[in-house]
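Chemist: let me see the structure of the following:
(chains A and B)
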Amino acid sequence: AQTVTQSQPEMSVQEAETVTLSCTYDTSESDYYLFWYKQPPSRQMILVIRQEAYKQQNATENRFSVNFQKAAKSFSLKISDSQLGDAAMYFCAYRSRYNFNKFYFGSGTKLNVKP
Amino acid sequence: KAGVTQTPRYLIKTRGQQVTLSCSPISGHRSVSWYQQTPGQGLQFLFEYFSETQRNKGNFPGRFSGRQFSNSRSEMNVSTLELGDSALYLCASSLGMTDSGNTIYFGEGSWLTVV
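Modeler: Below is the predicted model:
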């Protein structure tokens, strides 16, 4: 079975600084996707970034980038130039290539942004 | 374009009662999946529907059921409610059973409190 682990329950970052959230996963599959979702107080899950496992290149979306280490089964999220609006719960998620809508989520990391 | 709409947003039920939650997917999306979010268990996959058929089911008791209508709207039902069913129930929609980096989009959830 697939498992996703986020070992940092809570983190803090100063506004305009950079922070990295960690995620590891366990799977026996070779084809899969990895995601980072943000959940603000409104509770709506918002997609931050997505990575295809078959791609060597790390995904980037504006201030958000990932460090994907397939052999180590590690998938960290780096947020540059942190903004107050980045404060939220962040969930790492795994999806098998062929299980299109079944996601496995980590336990989440609460990110605090200090002004 | 309207997002995923869930109703009701908040509800309180008594142990032993049943509850029905509704989800309207993004226009054009044919797949709906449901997740339960609790502080103790985190985000867990309940089930997934595509073209009115359940395609996948998570590890939940038979008290949890769902269905999808021809317009892709979905309902989930929980019978004989237990205190442990208190949770945020999130619905997500996607285009469907496609491997083109399928991304799911979440609604804001239905908060269920069982007393």
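
Chemist: when you work out contacts or count neighbours from here on, use the C-alpha atoms and nothing else.
Modeler: OK.

Chemist: where along chain A do the strands fall?
Modeler: Secondary structure of chain A (DSSP state E): strands at A:3-5, A:10-14, A:19-21, A:24-26, A:32-39, A:46-52, A:60-61, A:64-69, A:74-79, A:88-96, A:103-105, A:109-114.

Chemist: tell me which of those lies nearest to chain B.
Modeler: For chain B, the closest of the strands of chain A is strand A:103-105, at 6.1 Å, according to CA to the nearest CA.

Chemist: quick one: low-confidence ranges for the chain?
Modeler: If you meant another chain, say so; for now it's chain A. For chain A, no stretch is flagged by pLDDT under 70.

Chemist: ah, no, chain B please
Modeler: Along chain B, segments meeting pLDDT under 70 span B:1, B:97-102.

Chemist: which stretches of it form strands?
Modeler: B:5-7, B:10-13, B:19-24, B:31-38, B:42-50, B:53-57, B:64-68, B:74-78, B:87-94, B:105-106, B:110-114.

Chemist: what residues does chain A have near chain B?
Modeler: Neighbours of chain B within chain A, by CA under 8 Å from any CA of the partner chain: A:33, A:42-47, A:52, A:97-98, A:100-107.

Chemist: A:Ser28: what's it in contact with?
Modeler: A:Gln2 (CA atoms under 8 Å, 6 or more residues apart in numbering or on different chains).

Chemist: how does it look with 7 Å?
Modeler: Counting by CA atoms under 7 Å, 6 or more residues apart in numbering or on different chains, A:Ser28 makes contact with nothing.

Chemist: not counting residues beside it along the chain, what's closest to A:Asn112?
Modeler: Distances taken as CA to CA, 6 or more residues apart in numbering or on different chains place A:Ser12 nearest to A:Asn112, at 4.6 Å, with adjacent residues excluded.

Chemist: and if you look at B:Arg73?
Modeler: In space, and not counting its chain neighbours, B:Arg73 is closest to B:Ser24: 4.7 Å by CA to CA, 6+ apart.

Chemist: likewise for B:Ser22?
Modeler: Once flanking residues are discounted, B:Ser22 sits nearest to B:Glu75: 4.5 Å by CA to CA, 6+ apart.

Chemist: how much space between the one you found and B:Gly28?
Modeler: Per CA to CA, to the nearest Å, B:Glu75 is found 18 Å from B:Gly28.

Chemist: show me which of those two is the more surrounded one.
Modeler: Per other CA atoms under 10 Å in any protein chain shown, whichever of B:Glu75 and B:Gly28 has more neighbours is B:Glu75, with 20 against 12.

Chemist: could you check how far that one is from chain A?
Modeler: According to CA to the nearest CA, to the nearest Å, B:Glu75 and chain A sit 17 Å apart.

Chemist: list the contacts for that residue?
Modeler: Contacts of B:Glu75 (CA under 7 Å, 6+ apart): B:Thr20, B:Leu21, B:Ser22, B:Cys23, B:Gly66, B:Arg67, B:Gln68.

Chemist: quick check, the residue in chain B closest to chain A?
Modeler: For chain B, CA to the nearest CA, closest residue to chain A: B:Glu108, 4.3 Å.

Chemist: neighbours around that residue, how many?
Modeler: B:Glu108: 21 neighbours (other CA under 10 Å).

Chemist: same check on B:Ser22?
Modeler: For B:Ser22, the count of nearby residues is 21 (other CA under 10 Å).

Chemist: and for the residue of chain A found nearest chain B, the neighbour number?
Modeler: Across chain A, no residue is closer to chain B than A:Gln44, which sits at 4.3 Å (CA to the nearest CA). Using other CA under 10 Å, A:Gln44 is surrounded by 18 other residues.
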